[in-house]
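Test case, fold it:
(chains A and B)
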Amino acid sequence: MDHDEHHNPEDKCKKPCKVPDHVILSGGINNRYWVLDVEERPCQKTLTISCYKSLHPTETCLLKDGWEMTPVFRGDVVHLEGQSDGGSWLVDNQQGFLVLLPDTLISGTSVSSSIRCMRRAVLGDMFKSFDGGSKHMLNGTMVHEVFQRAATANDFSLEMLSKLADQCIQSRTHGTVLSTEADNMSFHECSPGNSRSLSRDQDSSAVITVTELADIEENVWSPRFGLKGKIDVTAQVQIQRPRNGSHRSPEQKTLPLELKTGRESNSIEHRSQVILYTLMSMERYNPEAGLLLYLKTGNLHPVVASHMDRRELLKLRNTLVHYIHNCVAKEAEQSCLSRLPDILTNRQTCQYCPQRTNCALYERAVESNSVGVSEDVVHDFLQQETGHLTPMHLSYFSKWLLLCCLEATTMEAKNGRRHVWLQTAAESEKNGSCMGNLQLIGPVNVQSEGVFLHRFQRGSSAPQQGLMNSGLASRDRIVISDQEGRLVGLATGYLCEVSRDSISCTLDRDLSKFSGLLFRLDADEGVVGLSTHFTNLSRLMENCQDSDRLRELVVDLRVPEFIDSLSSVLPREAKDTVAVILKGLNKPQRQAMKRVLLSKDYTLIVGMPGTGKTTTICTLVRILHACGFSVLLTSYTHSAVDNILLKLKRFRVGFLRLGQGQKVHPDILPYTEESIRKKGVHTLSQLQQLYNKELVVGTTCMGIKHPIFTRRRFDFCIIDEASQISQPICLGPLFYAKRFVLVGDHQQLPPIVQNKEARSRGMDESLFKRLELHSEAVVQLNVQYRMNRQIMSLSNSLMYEGRLECGSDRTASALLTLPFLHSVQSELKASLSPSNPVCFLDCSMVPAQESVEQGGVSNRTEADLIHKLLLLLIKAGCKPSDVGVIAPYRLQLKSISALLQASAFDGVEVNTVDRYQGRDKSLIILSFVRSTAEEGKLGELLKDWRRLNVAVTRAKHKLLMLGSAATLRRYAPVEKLLNHLQKENMISFKNILHL
DNA sequence: ACTCTGCGTAGAGGA
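Here you go, the predicted structure:
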């Protein structure tokens, strides 16, 4: 197993030896060591390690007998199994394991698939294709399900099996049945007799009898071995070991049992899978073996793992995790994609590999320059898989792949699940991400298939502390483990209700058999991953019509085409309706509608702030609907999709909303698949009808994994907030439509990119922005109905060069109403006056000092001033719900909110600039926070023109700004704003100390 | 140098 010839060990040598904040180290059983140094000698490797963040004291670990091939480098985290002798560990043939990056859990199937081809396993982790799988796979899934259900019911009669098979087909969520012929399935494979009295043992004389079924589909996370998986059946067995003729009493054991419904291969892959399951369930019941059951023959193979088997599989896991974790490497200050394990030259193995296109793509796009002469077989293979792609296509692919890998690395570091097993419940509770010492109370209520309602209360041993201020809120995603950390990740689900002394949640598994145990419940950020990004990129490179066309438009930037006359697209019977709808629009909006109807490829609608984007999209959908066109309506967020659907609903335009009910607006719930299915969808044709009935389908860009897209295509795809969506995600829905419309405004906030290098190398460029160079496809909505004249002027001078216009005199001159302003006595009366719609209160002289903590930036004095201003404004008759308080920094919002606890302030909405995008309020108070003028200490957030543009365009009638003008001039965008304000006499230098 | 939304998973089997 020499997978590591290509790694350049110098990659990491330059890393400074400082442990990053997010890394958790520990000693003891669940140890986590930081690797300070790696010393290589022939046939051995010595690691200098420490389990303290101070990196002192250190220990050593000697790797030999093949372990020295482990791709472990400086700055890696490792877990060691075995013994240490006064701080020196030995891992060799006989003893010990080294688990590299143990907190990245690798699935059992990934490890076992790496036996054949490491490259395939690495690619498989990146590109999880969603083609729905093959007929054989579906068959296998269903047979598994039937067997598991029959085993649970302990009834393998033919009647039962056929009843269960029916149930199984009925309950298949998401109608996977659509893509296969359900009746072709063969259930005779798990006939009685074959499946229960499992009592043969071929290797030894011990007899194993399965006595009981402890669990099915048990979810196992093993941070000890860095593995995860789902165990088909957890079986209670009796082992009878005859020894020296004397009868010993049978032993009770719990073993993992792996079901296989296909051909009985007894292959290394299958057996390895079982060994991996025994490894990962070590903490749970210390199994000495596992079982492999082939349903086709009924044969049961016990799989006893030797130290060697375990050792070799863990080495494979280590190599795999190394490649996954190091997908990018730093080369001369710039990151680049790493080489993958070599391509196999065995055509036989590669022929049916699901990753073969990605395999070839990666080679051509990323690695091609670094290989010498590749063999003919490989060359032919590359040609066959990627011959249709130009160098431009390949470079688009590799560029975005790199950006996504960079971003994935950052996200992984930040949002891993490691705190669930490396931090005690008490420690995690301090961060507000956990509730510990929970006891299951009352019965578990089955809400629907796979949804179990649980209720917990604080255990008696817990300090009498309420659950209310835990930091967890209802609807949060959660993961349940036992308090001790032996059963990590027992179930996942959603928090329902949190009361003072109990909580309820829906889980994907019934935990009633664990009652008596103490649980902990952790917030689950989930393994976010960027698999949709990767899959979309891979898809863009496919050799098929849809992808070819999209590549032409997106990568080659082919000029979008338009037809000349509307008459050919508008059906005669729709003409009147469309005319009526158009009447309600302003000029640029009408222009936009026409452009879309005339487009053959795409249209970009630039919706400046307040120009009625939602209304425009709603109208567009109505028109397309009236013409009989089908529309796929999407955006990145659920709320953006629902905003449009809520409007559409009023015009009685029918639609289907895809997506999890949890995330959908309550008024849109009746339109979801979930709700409609509850009314009864039993047959294939009913399901087809459900999916095909409506012309309009709404979903998020991430929702494209839905099976509806295996069949359905749309005339148009509309993507709202497109300027905030990264290119690989925005591509997703476009595969399913003939033409598309992107709506957004690149002068507002771009897609969120966490990794700095990825951002600086262009990951925050949306598709909207990329395509904008084709001005013939762009229509601008520049007539706005939100801001009055003075507020609008800010944005016009900052960004739009005077192009933004007021839709009416009423809009232009609308003012805040403060009926009781006369009763307010204050130096600042003039600043508060509605007749001064824009006022910047300069706090330079107060002074208002910023404070930078690790959590963020805040400014206590500005917060105090806002509190005082609000008191005056509310006294003057301003409705709290008409006020929004905005700051760029979260920590500042926290300090403001803390001052607004009194009920008088109920309804005042305090939020970040970013969160306010797309929304408005009559009165906005904006806190700039920053007050330190040192050049090196300037923050990123205020350097962004787009963020400032969003900040100053949220107010309809009055905008009050607080900040230290002198400092803020250091930020180019704010300087431009201040210059304008100064010219317009909108800055107040009044000594606001008197407030 | 502080901005944060999307995602249900791990495995179903065939040459």
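
any idea of the mean pLDDT in the biggest helix by length in chain A?
Longest helix in chain A, counting residues (DSSP state H): helix A:391-415. Average pLDDT, helix A:391-415: 92.

Which SSE is immediately downstream of that helix?
Toward the C-terminal end, the helix or strand that comes next after helix A:391-415 (DSSP states H and E) is helix A:418-422.

can you tell me how far the residue of the stretch 351-500 of chain A at minimum distance from DNA strand B sits from residue A:120?
Using CB to the nearest atom of the strand, the single residue of the stretch 351-500 of chain A nearest to DNA strand B is residue A:352, 3.7 Å away. From N, CA and C alone the C-beta is placed, and that goes for glycine too. Plainly put, residue A:352 is 11 Å away from residue A:120 if you go by CB to CB, to the nearest Å.

Tell me which of those two has more neighbours.
Between residue A:352 and residue A:120, counted using other CB atoms under 10 Å, the more crowded position is residue A:120 (24 against 7).

Does anything pack onto the strand or helix carrying that one? Which helices or strands?
For residue A:120, the host element (DSSP H and E) is helix A:118-126. When contacts are defined as 3 or more CB pairs under 8 Å, 6 or more residues apart in numbering; DSSP states H and E, helix A:118-126 sits against helix A:108-113, helix A:307-325, helix A:356-362.

Could you pull up the contacting residues of the residue in the stretch 51-200 of chain A that DNA strand B sits nearest to?
For the stretch 51-200 of chain A, the residue closest to DNA strand B is residue A:140, as judged by CB to the nearest atom of the strand, at 2.4 Å. Neighbour list for residue A:140: A:261-262 [criterion: CB atoms under 8 Å, 6 or more residues apart in numbering].

Would you mark the buried spots in the one helix or strand it maps to?
Following DSSP H and E, one finds residue A:140 within helix A:135-153. Within helix A:135-153, the residues that count as buried by 16 or more other CB atoms under 10 Å are A:138-140, A:142-151.

Tabulate those (a markdown table), appending pLDDT.
As requested, the buried residues of helix A:135-153 are arranged in a markdown table below (pLDDT from 0 to 100):
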| residue | pLDDT |
| --- | --- |
| A:138 | 85 |
| A:139 | 87 |
| A:140 | 89 |
| A:142 | 88 |
| A:143 | 89 |
| A:144 | 90 |
| A:145 | 87 |
| A:146 | 88 |
| A:147 | 88 |
| A:148 | 87 |
| A:149 | 86 |
| A:150 | 87 |
| A:151 | 85 |
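
so which pair among those is furthest apart in space?
Taking CB to CB as the measure, the buried residues of helix A:135-153 span a maximum distance of 20.4 Å, between A:138 and A:151.

The stretch 601-750 of chain A: strands as residue ranges?
A:602-607, A:631-635, A:655-657, A:696-700, A:714-720, A:737-744 (DSSP state E, counting those that start in this stretch).

Nearest to DNA strand B, out of those?
Nearest to DNA strand B among the strands of the stretch 601-750 of chain A is strand A:696-700; the distance by CB to the nearest atom of the strand comes to 3.2 Å.

what residues does the stretch 801-950 of chain A put near DNA strand B?
Counting by CB under 7 Å from any atom of the strand, the stretch 801-950 of chain A comes close to DNA strand B at A:852, A:854-857, A:888-891, A:912, A:914-915, A:939-941.

Show me which of those residues has the smallest pLDDT value.
Scoring these by pLDDT puts residue A:855 last, at 74.

Just give me the neighbour total for that residue.
10.

Against residue A:141, how distant is it?
Residue A:855 is 46 Å from residue A:141, by CB to CB.

Now the strand ranked longest in chain A: average pLDDT?
As assigned by DSSP state E, the longest strand anywhere in chain A is strand A:207-222. Across strand A:207-222, the average pLDDT comes to 89.

got the angle for the helix or strand following it vs strand A:207-222?
Note on strand A:207-222: by DSSP H and E, the next helix or strand toward the C-terminus is strand A:227-240. For strand A:227-240 against strand A:207-222, the angle by axes from the mean of the first three to the mean of the last three CA atoms, to 10 degrees is 160 degrees.

which secondary structure elements does the longest helix of chain A contact?
Using 3+ CB pairs under 8 Å, 6+ apart: helix A:391-415 touches strand A:328-331, strand A:334-337, helix A:356-362, helix A:531-540, helix A:727-734, helix A:756-758.

and the third one with DNA strand B, contact?
No. With CB under 7 Å from any atom of the strand as the criterion, DNA strand B is not reached by helix A:356-362; the gap is at least 9.7 Å.

Specify the angle between the longest strand of chain A and helix A:135-153 in degrees.
Using the same axes, to 10 degrees: strand A:207-222 against helix A:135-153 is 110 degrees.

Just the buried residues of strand A:207-222, please?
A:208-210, A:214-216, A:218-222.

Please apply the same query to stretch A:654-673.
A:655-659, A:664, A:668, A:671-673.

What's the end-to-end length of it?
End-to-end distance for stretch A:654-673, by CA to CA, to the nearest Å: 13 Å.

Is that stretch positioned near DNA strand B?
Yes. Using CB under 7 Å from any atom of the strand, stretch A:654-673 reaches DNA strand B at A:659-660, A:663.

What of stretch A:698-705?
Yes. Stretch A:698-705 comes into contact with DNA strand B (CB under 7 Å from any atom of the strand), by way of A:699-700, A:702-703, A:705.

ok, residues contacting that stretch?
Here stretch A:698-705 has contacts from A:130, A:532, A:632-638, A:641-642, A:644-645, A:655-659, A:671, A:706, A:719, A:725, A:729-730, A:732-733, A:735-736, using CB under 8 Å, 6+ apart.

burial measure for residue A:72, as a count.
By other CB under 10 Å, neighbour count at residue A:72 equals 25.

follow-up on the earlier one: closest one to residue A:85 among the strands of the stretch 601-750 of chain A?
strand A:696-700 (55.4 Å).

What is the burial count for the residue of the stretch 801-950 of chain A found nearest DNA strand B?
At 2.8 Å from DNA strand B, residue A:939 is the closest residue in the stretch 801-950 of chain A, using CB to the nearest atom of the strand. Using other CB under 10 Å, residue A:939 has 17 other residues around it.

Packing partners of the longest strand of chain A?
helix A:135-153, strand A:227-240, strand A:251-260, helix A:268-280, helix A:282-285.

Before I go, just wanted to say thanks for your time.
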